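Peer 1: For reference, the sequence and a predicted model appear below.
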Amino acid sequence: MELVTEGQPGGPEALAEQAVVAACALADAADPGGWSAGAVEDAATALEVLAGALARLDPRCADILAVVPVAAAAVAERAEQTRTGTAPPDGDGGVDAGAGTGLRRALAAHGITRHRVHRLGSALLTLTLEPSDAQALAALLAQRDGVPRQAPPAEPGWGEGPAKTAAAALAEALSPHGTGAYARVLDSGHVSAGLCPRAARSVITVLAAPAAPPARRRRRGARGRIPGRRHAVGGTAGGLPAPRVRRRAVLSGSGRAVSVGGGTREG
């Protein structure tokens, strides 16, 4: 990472200083009870954008700051859930220390390997995915959990690009697994999903469970057999044996026996 010694007027140094001044003013003006959901969303977005800018310094900085956009998105989502009354209950326990490892293994077993898993305290497990992998996970959960699906809701997010569509599909697939589970698009274009303790346990269990074997289909044209009855090969309808044909022999004038109602035999 290379840094310049002096910044140019109007360049990053001046803008960064303005950002610091604005952040200090916001912190001084807002007490814990004065935040609105919109203000939390804007502040979280500012954190996410700034972290993304610093992450471009070099790959190591990107790794260090990877959790910041995810954490900022989680805070914004929690504020929105609090506003709408959909936040998970506080008595939901905590995310197990091994839940991250369990989720990574379950995803890898299904070929989903491009992801980041973060455990944010004991209340939240987050999963960051490429849009295509988020869509694949949504389809996988919909197939394996056996929960009937409804048509996608007509709301913003559906059909507005791969990332937003994938986030909306994953959010719908996660909703049966626990209150407070969510999926949203980060400023980087990735999809970030948040799992409360109950949702994390449920998703890991569903992904780790063996797939149900396909249902066996009955062969076309096969007929049922009635126990206790003999079945003739190439028999009549119903599988019953063909009736016997009685033959009555009469003598012709030449002394040859001719059978009536059947074949002929020599007398």
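Peer 2: Sure thing, it's come through. Residues are numbered from 1 along each chain as shown.
Peer 1: quick one, strands of the stretch 51-200 of the chain?
Peer 2: 115-120, 124-129, 182-185, 191-195 (DSSP state E, counting those that start in this stretch).
Peer 1: Go through those and pick out the most buried.
Peer 2: Stretch with highest mean neighbour count among the strands of the stretch 51-200 of the chain: strand 191-195 (a mean of 28; mean count of other CB atoms under 10 Å). Where C-beta positions appear, they are placed from N, C-alpha and C, glycine not excepted.
Peer 1: Just checking: what are the partner strands of it?
Peer 2: With DSSP bridges as the test, strand 191-195 is paired with strand 124-129 (antiparallel), strand 182-185 (antiparallel).
Peer 1: Please name the residues that touch Leu47.
Peer 2: Contacts of Leu47 were listed using CB atoms under 8 Å, 6 or more residues apart in numbering, and they are 68-69, 72.
Peer 1: Tell me where the model's unsure across the stretch 1-150 of the chain.
Peer 2: Within the stretch 1-150 of the chain, the stretches with pLDDT under 70 are 1-2, 4-10, 90-93, 144-150.
Peer 1: one more time with 90
Peer 2: 1-14, 27, 29-38, 78-99, 120-123, 142-150 (pLDDT under 90).
Peer 1: Count the neighbours of Leu54 for me.
Peer 2: The number of residues packed near Leu54 is 15, by other CB atoms under 10 Å.
Peer 1: Could you number the chain from 26 rather than 1 from now on?
Peer 2: Sure, I'll start counting at 26 from here, so that last one is Leu79.
Peer 1: and the gap between it and Ala91?
Peer 2: Separation of Leu79 from Ala91 (CB to CB, to the nearest Å): 11 Å.
Peer 1: re the thing from before, tell me which of the strands paired with strand 216-220 sits nearest to Ala47.
Peer 2: Closest to Ala47 of these, according to CB to CB: strand 207-210, at 24.3 Å.
Peer 1: from memory Leu75 sits against Leu40, does it?
Peer 2: No - here Leu75 lies out of contact with Leu40, judged by CB atoms under 8 Å, at a distance of 10.6 Å.
Peer 1: And the two? Which one has more around it.
Peer 2: Leu75 (17 against 12).
Peer 1: Now do the contacts for that one.
Peer 2: For Leu75, the contacting residues are Ala44, by CB under 8 Å, 6+ apart.
Peer 1: doesn't it fall inside a helix?
Peer 2: Yes - counting by DSSP: H, G, I helix; E, B strand; the rest coil, Leu75 is located in a helix.
Peer 1: Would you mind measuring from it to Ala97?
Peer 2: 9 Å.
Peer 1: Same question for Arg226.
Peer 2: To Ala97, Arg226 is 25 Å away according to CB to CB.
Peer 1: who's more crowded, the two?
Peer 2: For Arg226 versus Ala97, the count of surrounding residues by other CB under 10 Å is larger for Ala97: 24 against 20.
Peer 1: residues in contact with the more buried one?
Peer 2: 69-70, 72-73, 76.
Peer 1: What segments of this protein are helices?
Peer 2: Along the chain, counting by DSSP state H, helices occupy 37-54, 62-80, 84-89, 92-109, 124-134, 156-169, 187-199, 222-233.
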